[in-house]
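**Q** 3D, please:
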Amino acid sequence: MDPIDDWELERNRRIAAIQGTGNPHVEVIGGGNTVATQQTTPVFQSTHQEGFNCDERKTCGQMSSCDEALFHLQQCGNSRLDGNNDGVPCEAICR
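**A** Alright, predicted model coming up:
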């Protein structure tokens, strides 16, 4: 009965990034509208075309590239990669 708000969508995206699936009752439909549903399809794909995934949390020392660090920051919600909160993860490799 309660419409799904932006925070619930973001929270679901972050959970899906870590676990591989989100809440099966939350789905985004065309035009940005949201509905509650009984489907069990994941709402977020946690694997990147480069083979990056959110299965394990990584540190900057474990990153093979800036692209991988950006993926983990943006898609997996691994905010500890951005120590100074400037939006750039792993400053040593993402200059």
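**Q** What's the separation between the nearest residue to C66 once chain neighbours are set aside and E10?
**A** Closest residue to C66 apart from its sequence neighbours, by CB to CB, 6 or more residues apart in numbering: C94 at 4.0 Å. Using the backbone N, CA and C atoms, a C-beta is placed for each residue, glycine as well. According to CB to CB, to the nearest Å, C94 stands 23 Å off from E10.
**Q** And E68, by the same measure?
**A** E68 is 22 Å from E10, by CB to CB.
**Q** what's the weakest-modelled helix or strand in the protein?
**A** The weakest-scoring helix or strand in the chain, judged by mean pLDDT, DSSP states H and E, is strand 34-36 (a mean of 48).
**Q** Check what contacts the helix or strand following that one and list those residues.
**A** Later in the chain than strand 34-36, the nearest helix or strand by DSSP states H and E is helix 66-74. Outside of helix 66-74, the residues that reach it under the criterion CB atoms under 8 Å, 6 or more residues apart in numbering are 48, 50, 52, 54, 57-58, 60, 63, 78-79, 81-82, 89-90, 93-94.
**Q** what's the domain layout of this structure?
**A** 1-45, 47-95 (automatic domain parsing).
**Q** what stretches of the protein score poorly on pLDDT?
**A** 1, 27-50 (pLDDT under 70).
**Q** Determine which residue lies closest to the centroid of it.
**A** Nearest to the mean C-alpha position of the chain, by CA atoms, centre = their mean, lies Q75 at 3.0 Å.
**Q** Leaving out the residues flanking it, which one is nearest to that one?
**A** A17 (5.5 Å).
**Q** Between helix 66-74 and the helix or strand containing that neighbour, find me the angle.
**A** Counting by DSSP H and E, the element that carries A17 is helix 6-19. Put simply, helix 6-19 runs at 130 degrees to helix 66-74, going by axes from the mean of the first three to the mean of the last three CA atoms, to 10 degrees.
**Q** please begin residue numbering at 51 from this point
**A** Happy to do that; since the first residue is 51 now, the last one works out to helix 56-69.
**Q** Alright, that wraps it up for me.
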